[in-house]
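Trainee: Return a 3D structure for these sequence lines:
(chains A and B)
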Amino acid sequence: MDLVTPGIGLVFWTTIIFLTLLIVLGKVAWKPINNAIKKRSQSIEDALNQAEIAREEMKKLQADNEKIMDEARAERDKMLKEAREIKDQIVAQAKSEAEKAAAKVMAEAEQKRDAMMVAAMADIKNQVLDLSIAVAEKVVRKQISTTPEQEMLVNDLVKEIKFN
Amino acid sequence: MKKYVWFLLSLCVLLTFAMPVCAQETEAQPQDTAKQIEESDEIAQNIAEPTEEPQAEAAKEEKFDVTSLIMGHIKDSHVWHILDYTKEENGEEVEVPVAVPLPVIVFANGHLDFFMSGAFHHGHEAVTKGDNTYILANDKIYLANEKGGLTFKNGEETTAMEFHEGLEYLEANATAEIANETPWDFSITKNVASMMLVSIILLIVFISFAKAYKKNPGRPKGMQAVLEPVFLYVRDDIIYPNLGSKTDKFLPYLATVFFFILFNNILGLIPFFPGNANVTGNIAVTMVLAIFTFLMINLNGNKDYWHHTFWMPGVPVFVKPILAVVELMGIIVKPVALMIRLFANISAGHIIILSLVSLIFIFQTIAVAPVSVIFVLFMDCLEMLVAFLQAYIFTMLSAVFISLAVAEHKHE
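Mentor: Okay, here's the model as predicted:
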């Protein structure tokens, strides 16, 4: 029976010791320990979150880089294309100008040739006229008194001379 | 989980084998069964004294009083017994106990008396302070009667006799009950001293643990790394699942309860001097702890809790008073169950270990020693588990009961 009868002294001391422990440990141990552990887990969580954010940003940056690269590549292609176009244009222009110049030169040459031909023809005509006149002179000198048929004949002859 | 079941099963098997052994031994000495003597050395000393009945004495010497040894250990004591040694004195072998005397603080007849328990000389002398004479018998302090001796309430009649004769009478009669008045005993007993030691250990350990966070707020190191998982276990696995957002409010109480019980249990398992006190196996200690839990439950109980206790919603009106009675009983039964569970578990552990060690002395042969040692080793391991388990259960159930009292119910 003694075993299950609580002694007043032990009850008293247990109460005092336990209350002291409760108050002292609560103040100097449990609260600071709990707060320190909480603070640490908070800082770990923050670090993880920040890492996650950094990773996201990294991804975004990489995507941006890719985009910039693509744009640069497109720009380059465009520039190359334009350059080629300009080149073609310049070549075409040069060609057409050269052709024009050549045509002009040809036309001028033809004109010149024609003019020369006309001049030569006129010259030949004049010479033929002169020759004819000389022939006629000779004929006339010989047969001045001859018949008008002869004179007609000379005229016909002169007419028959063509400038070609 | 399966492992635990096997563990418990093997414990049951062991207990069924161990119990008959103890029972037989106690049956074998019916006269001594109810005898409660503080130290075995006291018996030895008595044996050494010549008495009128040499036959009875011889029989006594043969038998080893297991019950008194175990009860002496399980109960509180006014001395902290360390060991006994034998020395030759006048040609006779005398056992000399080595024990730490503890302060005795008693209040009787309006006087508060203070002296060391060594003054009792292990119960062989009475101590007189002013008008009061104190006698230490069966580990309890009594006030001497008018004749300066013990009075027995012995069935039909009350016998008064001189002090030494009284002690002898107590030795010889197992059923004798002392009828003397008892003073208010506020002594620093073995359990109180052990508890104080545990408190000092707890304070040193946990204050340095808390300080470690100031120095090293990052990854825990050393002692910090040992204690942190235990602390986190208490916080996250015992308290949080029950109390949730109210964890921080009840953490100081529940953590103190857990570590107080745990450290007392473990110190009680150490078989030599600074340990071995049966603190958490003492009903007074468990009662105080249970009262604290009772107060924590009922002082923090919210409106819903009291509503559910006295006028249970959602049941027919005629059932409500019946349920109120049941609930009121529940309020009392909860802490009582906590008190008895802890007390019985820890006491039982100590009793089993002591019984196993006593086997050597009961059979009076060293041949039993290896068996005893193996069983005690096994029991010590088991008791280590029980030390944690009981601290866990007490804390867990306290948390559950508190959570029931502070829970927010959702009604339509």
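
Trainee: Which elements pack onto the biggest helix by length in chain A?
Mentor: With DSSP state H setting the assignment, residue counts place helix A:31-143 as the longest helix in chain A. For helix A:31-143, the elements it packs on are helix A:148-160, helix B:190-215, helix B:223-232, helix B:247-269, judged by 3 or more CB pairs under 8 Å, 6 or more residues apart in numbering or on different chains; DSSP states H and E. Where you see a C-beta, it was placed from the backbone N, CA and C, and this is true even at glycine.

Trainee: A:Asn49: which of those is closest?
Mentor: Minimum separation from A:Asn49 across the helices and strands packed on helix A:31-143 (CB to CB) falls at helix B:223-232, 21.8 Å.

Trainee: Following the chain past the closest one, name the next helix or strand.
Mentor: Downstream of helix B:223-232, the next assigned helix or strand under DSSP states H and E is helix B:240-243.

Trainee: Mean neighbour count and distance to A:Gln42 for the helices and strands packed on helix A:31-143 - can I get that in JSON lines?
Mentor: Supplementary listing: the helices and strands packed on helix A:31-143 in JSON lines, determined by neighbours: other CB atoms under 10 Å in any protein chain shown; distance: least, CB to CB, whole Å:
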{"stretch": "helix A:148-160", "mean neighbour count": "11", "distance to A:Gln42": "130"}
{"stretch": "helix B:190-215", "mean neighbour count": "19", "distance to A:Gln42": "14"}
{"stretch": "helix B:223-232", "mean neighbour count": "15", "distance to A:Gln42": "15"}
{"stretch": "helix B:247-269", "mean neighbour count": "22", "distance to A:Gln42": "14"}
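
Trainee: I'd assumed B:Phe401 was in contact with B:Leu243.
Mentor: No - B:Leu243 lies out of contact with B:Phe401 (CB atoms under 8 Å); the separation is 10.8 Å.

Trainee: still on that earlier bit, next, format the helices and strands packed on helix A:31-143 as JSON lines and append distance to A:Leu10 and mean pLDDT.
Mentor: Output for the helices and strands packed on helix A:31-143, formatted as JSON lines (distance: least, CB to CB, whole Å; pLDDT from 0 to 100):
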{"stretch": "helix A:148-160", "distance to A:Leu10": "172", "mean pLDDT": "77"}
{"stretch": "helix B:190-215", "distance to A:Leu10": "6", "mean pLDDT": "91"}
{"stretch": "helix B:223-232", "distance to A:Leu10": "27", "mean pLDDT": "90"}
{"stretch": "helix B:247-269", "distance to A:Leu10": "13", "mean pLDDT": "93"}
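
Trainee: Save those as a markdown table, and put in distance to A:Ile44 too.
Mentor: As requested, the helices and strands packed on helix A:31-143 are exported to a markdown table (distance: least, CB to CB, whole Å):
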| stretch | distance to A:Ile44 |
| --- | --- |
| helix A:148-160 | 127 |
| helix B:190-215 | 14 |
| helix B:223-232 | 14 |
| helix B:247-269 | 19 |
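
Trainee: tell me which helix or strand of the chain sits lowest on mean pLDDT?
Mentor: In the absence of a named chain, chain A is used. Averaged element by element with mean pLDDT, DSSP states H and E, chain A has its least confident helix or strand at helix A:148-160 (a mean of 77).

Trainee: think we crossed wires, I meant chain B
Mentor: When the helices and strands of chain B are compared on mean pLDDT, DSSP H and E, helix B:40-48 comes out lowest with a mean of 42.

Trainee: which residues does B:Phe310 contact?
Mentor: If a contact means CB atoms under 8 Å, 6 or more residues apart in numbering or on different chains, then B:Phe310 has B:324, B:327 as its contacts.

Trainee: switch to 10 Å and redo it
Mentor: With CB atoms under 10 Å, 6 or more residues apart in numbering or on different chains as the criterion, the residues that contact B:Phe310 are B:320-321, B:323-324, B:327-328.

Trainee: ranges for the helices of chain B?
Mentor: Taking DSSP H as the criterion, chain B carries its helices at B:2-27, B:40-48, B:54-62, B:66-74, B:163-172, B:190-215, B:223-232, B:240-243, B:247-269, B:283-300, B:303-310, B:320-363, B:369-406.

Trainee: Pick out the shakiest of these, pLDDT-wise.
Mentor: When those are compared on average pLDDT, helix B:40-48 comes out lowest at a mean of 42.

Trainee: Next one: B:Leu243 from B:Val98, what distance?
Mentor: The gap separating B:Leu243 from B:Val98 is 48 Å, by CB to CB, to the nearest Å.
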